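1. structural data only, the sequence is not supplied:
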C-alpha cells in the first residue's frame, strides 16, 4: 500500500499493477482472518479503530485533498451518532431508517459548516469550523433531547437478516464492508476528475479558477464529502456502543483525529488510514498510563512532522529518493522535444468582430491608479502585443480581463457579452485562458495532471455521477487522459509527463503553463511574459508555438518585454505607460513613436536582434 | 579574492543536473554563464551557495574553503546572492527588506551608508521605501533583490537572471548598475538567458550545456562565435 495516490493509474505498468493487486489481496485476506486471532476486548478495539479510519478518510478528503481546514469533523461524527440515537430511542424508528436520516442530517450540517469556506481559508477557516464544533458539543451537553451530559443509552443494535450483530466479531465485518466502500469511493474520487480538481484548488485556488474549476462548489463538495464520512462513522459508532455521550465528540477527539491525518500523511487517503490505525494503537498501549499519554501523542506528532513531513505514507518514496541520491546514478535528465504545429484552420477573417472589447477600464488600488481609462479592441484571430515599462499596469489589465480584479469603472466585453468582473471560472468556461507571470502550476500534481485539470470541462455539479454512474466517470477519465497525452506530445513534454513541475527548469515550466492554458481549448489566450527566462533559440521556438496556436483559431494577447519577439510575432501592439494607453499600432509604427522610445525602449532598439519570421 | 570551483556535481534523485563543472572568478572580474533551459546554470549557483546537495572537489574563495560552509554563512564570507525569481519578502516594506540584507552586519554608521548607497543606485527604491515589497512591480522587485544582496557589502555577487521580466529600458539600467559595481571592484558571477546583457556586463563567459562547460572564452570572442550567435542571441 506504499504507492502514493497521486500516481496516475496506468494501464501499461503491468508489473507494478501486479504487485499492487497482490498487496491488496494479502490485505483483504488479513482483514478477513483478523477476528479469528483476537479476544473480545481486542475486537472491540479494532471496531473502534475502523470507525476512526472512516472518519480520518473523510477528514483527509477535505483537508489533504481539497485543502479545506476542517476542524468540525468530530461534530459531523457526533451529528451522525446523536441523530441515530435520537431517532431510534425517542422517535422509535428502526435502525436503518434512522441511519439514512442521520447521514442526511449530517450532510445538511456539513453544508452549513462549509459555508464560511466561501469567504475564508486556511487557519481562519480552522477557527470558524472549530467554533462550530464547540457549539455542537455545548449544545448536546445542555439540550434535553440529547440527554444532556449523561447522554443517550439504549440504542438498538442494527439488524441484518441472518447475522447477529450483537456479536462484535460479526459487527466487525459490517464495519469492514463500510470501510472498504468508504476508502474505495474516496480513492475513486481522488484519482479521477473531481479529486484532481480539488487537489488543483488546494495547490493554487486562483489558477484552478482561471482554468474553469468552480472553486465555491468544490469547497462545498469537500465539506459535503467530509460530512458523509462523518455521518457514516457516527451511525456505525452508535450501533457499536449503543450509547452516546458528549465526551466522545469533544475537542480532544478532534485533535486526536487531526493527529491521525497528519501522522499518516494527509495527501494520501491510505496514509490517513495508516495514521488512524497507528495512533489508535499507541493510544491503546498507553491506556493504563494516562499521565504520559498526552506527552506521548504530542511527541509522536512532533517527531513525524520534523522527520517525515509527508507523513508515514510519504516515507517509502522519501527513502527511495534518498537511496537514489546516495547512489548518485547518472540518470539522463528529461528533455523537451520539438513542438508539433497544429493544422491550419480557416484563415482569420480581417473584418472579424472584436472578440474582446475593453472600454474605459480604470482600476484603483487605494491611492494608486494602476489603470486609467484603458480601452482596446482585439479582433478574433489576431496576435496582439501589450508592452510597457514595468509597473505600467499590463498584468493588472490581464487580471481585470480574466476576472481576478473587479475594475473600479469601465467594462469588459468578451465574445459580445458583458463579462465585467465575472468570476474567473465563468470567464474560463466562456473560452478565456491565461498564463501567469510568476508561474502558477499545481506543484503537487504531475505535469500530466496539470494538463488534465485544464482539459476537463465537466461541471462539478455533475458529481452525482460518482454515485450513480461510476462507469461513465471512468470512461470519461480515460478519454481525458488520451487527450492530455496528445497535448503533452504536441508540446514536446512527453518525458516530463510524470514529473512534478516544481523541479523542472524555468523555461520548461513556462512551456507546461502554455500547454495547460491551450489544453483548456480557449478562444482567447492571454500570455503574460511567455519569453521570460528563455534564450534566443527558445524564444524562436516560442514564436513558432504561439503562431501555430493562433493558426488553429485562437486569438492571442501577449505581454512581453522581448522586443524581438513582439516585433516579429504581433500584428498590432498596444503600449501602456503609467496605466494609460500611450500608443497603439503595428510594431513598426509603435517602435518609432517618440513617447514609446522615451518611456519604454530607451536606446535598446539600436542593435535589436532580428528574429527571423518563420 | 578568487572564487575557485573544481569538480562540481549536482544531482536530483537519480538525474544529474551538473557534472564535474570547474571554473574560477578572479577578484574584480565579471564572469557570465549562459546556456539553455535545464543546462544546469541555476543549479550551479545554488550548489555554490550550498542551497542544494552537491559534490565538489574544491570550492574556495580566496583562502576560505567554502565546501563546508553552510548556506546561511556564505554572506559572512563576502558572498552575495540574488536568487532567480527575486524572492523578496513580500509582506515587509522595502526598507525592511534591505535591512534584512544587512542582517549579518552590525547596525552602525557604515551600514547606514550602504543603505544610502543602495538608494542612490536605485532611486525608485528610495521613493518606495515604505511600500510592501509584494506591491512592487516585477522590475522594482528585481532591483530590491539586487539592493538587498548589496546590503551585505559582498566581495562577490552571484546573480541568477536579474533581467528576467524587465523592460528593455530597465535591462539597460541593470546593465549600468552591474558595470558600476564592477568598476568599484566587486566580482560578479552572472547567470543569464539574455546573452546580449551578459556579453556587455562580463569579461569572460562560460557556455553550459547538459551540466558541463561546452565553451569558454572572453565575452568579445563568444559574441562573434556563429553557434553562440544562433542559439543564444537568436541571430
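-> Yep, that arrived. This is a predicted model, so every value here is computed, not measured. Residues are numbered from 1 along each chain as shown, chains lettered A, B, ... in the order given.
2. quick check: residue A:573 is in a strand.
-> Yes: judged by DSSP: H, G, I helix; E, B strand; the rest coil, residue A:573 forms part of a strand.
3. state the mean pLDDT of the biggest helix by length in chain B.
-> Counting by DSSP state H, the longest helix found in chain B is helix B:168-183. For helix B:168-183, mean pLDDT rounds to 90.
4. now the element after it, going C-ward?
-> Moving toward the C-terminus from helix B:168-183, the next helix or strand (DSSP states H and E) is strand B:187-191.
5. ok, now which ones touch the nearest residue to residue B:27 once chain neighbours are set aside?
-> Of all residues not flanking residue B:27 in the chain, residue B:1 sits nearest, at 4.8 Å (CB to CB, 6 or more residues apart in numbering or on different chains). Backbone N, C-alpha and C define where each C-beta goes, glycine included. By CB atoms under 8 Å, 6 or more residues apart in numbering or on different chains, the residues touching residue B:1 are B:27, B:61, B:62, B:78, B:155, B:156, B:187.
6. could you report the neighbour count for the first one?
-> If I follow you right, that is residue B:27. Residues contacting residue B:27 under the criterion other CB atoms under 10 Å in any protein chain shown number 14.
7. do the second one as well
-> The tally of other residues near residue B:61 (other CB under 10 Å) stands at 23.
8. show the buried residues in the contacts of residue B:1.
-> Using 16 or more other CB atoms under 10 Å in any protein chain shown as the burial test, the contacts of residue B:1 include B:61, B:78, B:155, B:156, B:187 as buried.
9. a markdown table for those, including distance to residue A:189?
-> Below are the buried ones among the contacts of residue B:1 laid out as a markdown table (distance: CB to CB, whole Å):
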| residue | distance to residue A:189 |
| --- | --- |
| B:61 | 54 |
| B:78 | 54 |
| B:155 | 56 |
| B:156 | 52 |
| B:187 | 55 |
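10. before we move on, the earlier item: quick check: buried residues in the longest helix of chain B?
-> For helix B:168-183, burial by neighbour count (16+ other CB under 10 Å) applies to B:168, B:169, B:170, B:171, B:172, B:173, B:174, B:175, B:177, B:178, B:181, B:182.
11. out of those residues, who's near chain A?
-> Contacts with chain A within those, as defined by CB under 8 Å from any CB of the partner chain: B:168, B:169, B:170, B:171, B:172.
12. turn these into a markdown table, columns for distance to residue A:105.
-> Converted to a markdown table, these look like this (distance: CB to CB, whole Å):
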| residue | distance to residue A:105 |
| --- | --- |
| B:168 | 64 |
| B:169 | 64 |
| B:170 | 61 |
| B:171 | 63 |
| B:172 | 67 |
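13. where does the residue nearest in space to the middle of chain B sit: helix, strand or coil?
-> Among the residues of chain B, the one closest to the centroid is residue B:159, at 1.2 Å (CA atoms, centre = their mean). Here residue B:159 takes the strand state, with states given by three-state DSSP.
14. can you give me the strands for chain B?
-> B:3-12, B:15-25, B:30-35, B:58-61, B:64-65, B:79-82, B:156-160, B:187-191, B:204-209, B:212-218 (DSSP state E).
15. does chain A sit close to the third one?
-> Translated: strand B:30-35. Yes: applying CB under 8 Å from any CB, one finds strand B:30-35 touching chain A at B:34, B:35.
16. show me what that strand is packed up against.
-> Counting contacts by 3 or more CB pairs under 8 Å, 6 or more residues apart in numbering or on different chains; DSSP states H and E, strand B:30-35 packs against helix B:41-49, strand B:187-191, helix B:195-201, strand B:204-209.
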